[in-house]
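**Student:** Got a sequence here, can you model it:
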Amino acid sequence: MRSRLPLILLWLLFAVWLLGSVAFVVDSAQRGIVPIDFLAYQRAAEAISKNQSPYATAGESREIFRSFHRLESELQAAQALGEGRDVLREFATRPQQPGPYVYPPTLALLINQFNLDGVAFTAVIMASVLGFVLIWFRATGAHPGWLLLVIGSRDLSATLLGGNVELLLLFTTLAAGRLLWDHRLIWATPFIAFIVLIKPFYALFFVAFLLLQAVQPRGTEQENPKALMVAAGILLLLLTAELYRWGPDLRAEALAFYLNAGDAMWTALPLAEQSPLSAWNRTPLQGLINLGMAATGAQVTALGLWVLFLGVSLWLARYATLNFPLAFGLAMTLLYWGRPAGYGFNYLELVVSIVVWPSLVRWQRLAVLVLMAGIMGSRWWALVETLRGENLSLLTMQTVAWPWETWLVLPFFWLLLLWAMMHSGGSVQGPAGSREAQMAFRASAVTQ
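**Tutor:** Predicted coordinates:
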């Protein structure tokens with residue numbers, strides 16, 4: 001019993017962290033404060049209920065993004081006079097201003113349909129975090145000590161307390177990935193449809209994941225072409241049915257928005273007016289724009305970089321037998337590398353650390369732990385600087401001039417996963433997910 005007590009305490013600590021997050025949101029709701037990301041979804045849902053467009057005009061969207069830059073400029077000017085904290089407290093008294101709604105109508109329609117408020121939506125996200133952790137720890141057999149990378153994640157805390165749908169999508173992505181790995185394509189299709197109807201760029205994950213599965217060496221179990229066609233047909237049917245449910249007005253409004261989305265984003269502003277979003281956004285697309293590249297050229301270049309990273313991953317995967325955690329980690333990293341916008345690397349430290357752990361020797365493990373602690377600690381320090389009224393770094397210590405998380409951290413995580421893949425030796429769980437191989441992975445992840 002004594003040997004199990006630390007494990008139980010770790011799970012209890014995780015539960016306290018989750019419940020404490022919800023308690024914080026409940027307390028905020030009683031003071032009239034809505035999770036800021038959910039507020040954007042809620043306003044879009046209210047607009048739809050009034051037969052109005054959920055989307056702001058391009059000019060209105062740019063003005064919202066300019067307002068964030070003005071907040072940053074005000075804080076910087078006040079900090080120079082030693083009044084940063086006073087101005088920050090004054091910011092808290094202003095009406096909440098979320099970013100504009102930039103998703104397909106499905107998310108707003110679901111919020112309307114289920115009559116969700118900020119607290120209920122946060123509860124759904126909390127359940128998603130719990131679901132992700134349970135599935136991931138079951139798949140890897142990881143020690144509960146790794147829960148500290150969840151509890152200590154500034155990215156996860158900010159996403160959860162902000163009421164962002166991202167954590168729900170990552171949970172459903174993990175569930176869909178597990179089903180795909182087990183060759184249950186038809187069961188995975190509803191999850192995939194749900195995900196891409198909320199954030200279409202998540203298709204990058206599934207493209208990478210399925211291709212990693214497809215290039216496995218001969219002798220590993222491959223997908224049945226007939227099953228692939230049936231699953232693709234079901235997916236198309238689900239997407240078509242949801243588009244029909246939108247109705248003609250919402251379809252027209254969504255199409256008009258996405259055809260002109262480039263004009264409605266902060267990247268349409270002069271570079272000097274894009275901060276703090278241009279620092280928070282940790283994607284190669286933003287990094288290229290920060291270098292002075294035009295938005296259109298940056299999009300093409302960022303897509304090319306994603307194809308390059310995917311191609312290298314697939315080429316190396318031809319000579320290694322992947323396990324589910326490794327394939328998921330690679331596809332997840334490629335998603336973060338290819339997405340157009342992202343203010344955090346949710347779960348990535350957890351996923352990468354657990355996957356690479358068995359392939360590292362003792363000093364390498366210590367180095368990885370120190371690195372992860374430093375990266376995660378830097379994000380908490382960004383919050384401390386903001387609370388002290390020094391700047392609006394808030395989420396990350398990277399700057400517009402030096403987006404180090406984009407160009408160093410994310411590629412390094414990818415290289416770590418490639419290292420793990422090339423050192424797996426085919427000795428862990430293969431594509432068919434044999435029980436014996438899975439137990440080997442779990443044993444190495446726990447005991448080594």
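
**Student:** Now do the buried residues in stretch 366-376.
**Tutor:** Residues of stretch 366-376 classed as buried by neighbour count (16 or more other C-beta atoms under 10 Å): 368, 371-372, 375-376. C-beta coordinates here come from the backbone N, C-alpha and C atoms, glycine included.

**Student:** Compute the mean per-residue pLDDT across that stretch, please.
**Tutor:** For stretch 366-376, mean pLDDT is 98.

**Student:** And for that stretch, what's in contact with it?
**Tutor:** Contacts of stretch 366-376 with the rest of the structure, by C-beta atoms under 8 Å, 6 or more residues apart in numbering, involve 149, 152-154, 349, 353, 356-357, 360, 405, 409, 416.

**Student:** Rebuild the residues you listed as CSV, extending it with secondary structure and distance to G82.
**Tutor:** Shown next, in CSV, are the contacts of stretch 366-376 (DSSP: H, G, I helix; E, B strand; the rest coil; distance: C-beta to C-beta, whole Å):
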residue, secondary structure, distance to G82
L149, helix, 37
G152, coil, 32
S153, coil, 33
R154, helix, 27
E349, helix, 36
S353, helix, 41
V356, helix, 46
W357, helix, 47
L360, coil, 47
E405, helix, 30
V409, helix, 33
L416, helix, 43
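
**Student:** can you pull the pLDDT of E221?
**Tutor:** 66.

**Student:** And stretch 141-150, end to end?
**Tutor:** 16 Å (C-alpha to C-alpha, to the nearest Å).

**Student:** wait, doesn't V196 sit right on V207?
**Tutor:** No: V196 is beyond contact range of V207, at 11.0 Å (criterion: C-beta atoms under 8 Å).

**Student:** if you count what's nearby, which of these two comes out ahead?
**Tutor:** V196 (20 against 16; other C-beta atoms under 10 Å).

**Student:** from the contacts of stretch 366-376, which single one is nearest K226?
**Tutor:** Of all these, K226 sits closest to V356, with 36.3 Å by C-beta to C-beta.

**Student:** The contacts of stretch 366-376 into JSON lines, with extra columns for pLDDT, neighbour count and distance to S3?
**Tutor:** Below are the contacts of stretch 366-376 laid out as JSON lines (pLDDT from 0 to 100; neighbours: other C-beta atoms under 10 Å; distance: C-beta to C-beta, whole Å):
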{"residue": "L149", "pLDDT": "98", "neighbour count": "22", "distance to S3": "22"}
{"residue": "G152", "pLDDT": "98", "neighbour count": "17", "distance to S3": "24"}
{"residue": "S153", "pLDDT": "98", "neighbour count": "24", "distance to S3": "27"}
{"residue": "R154", "pLDDT": "98", "neighbour count": "20", "distance to S3": "32"}
{"residue": "E349", "pLDDT": "98", "neighbour count": "24", "distance to S3": "27"}
{"residue": "S353", "pLDDT": "98", "neighbour count": "21", "distance to S3": "23"}
{"residue": "V356", "pLDDT": "97", "neighbour count": "24", "distance to S3": "26"}
{"residue": "W357", "pLDDT": "97", "neighbour count": "21", "distance to S3": "21"}
{"residue": "L360", "pLDDT": "95", "neighbour count": "18", "distance to S3": "25"}
{"residue": "E405", "pLDDT": "98", "neighbour count": "20", "distance to S3": "38"}
{"residue": "V409", "pLDDT": "98", "neighbour count": "21", "distance to S3": "36"}
{"residue": "L416", "pLDDT": "98", "neighbour count": "21", "distance to S3": "31"}
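
**Student:** Could you identify the most distant pair in these?
**Tutor:** Top of the distance list for these (C-beta to C-beta): R154 and L360, 24.6 Å.

**Student:** Tell me which residue is most central in this protein.
**Tutor:** Centroid-nearest residue in the chain: N346, 4.9 Å away (criterion: C-alpha atoms, centre = their mean).

**Student:** Okay, helices next: where are they in the stretch 301-448 of the chain?
**Tutor:** 324-338, 348-356, 362-387, 404, 410-422, 435-447 (DSSP state H, counting those that start in this stretch).

**Student:** Between those helices, which one is closest to W315.
**Tutor:** Closest among the helices of the stretch 301-448 of the chain, using C-beta to C-beta: helix 410-422, at 10.3 Å.

**Student:** list the buried ones in the closest one?
**Tutor:** Neighbour-count burial for helix 410-422 [16+ other C-beta under 10 Å]: 410, 413-414, 416-418, 420-421.
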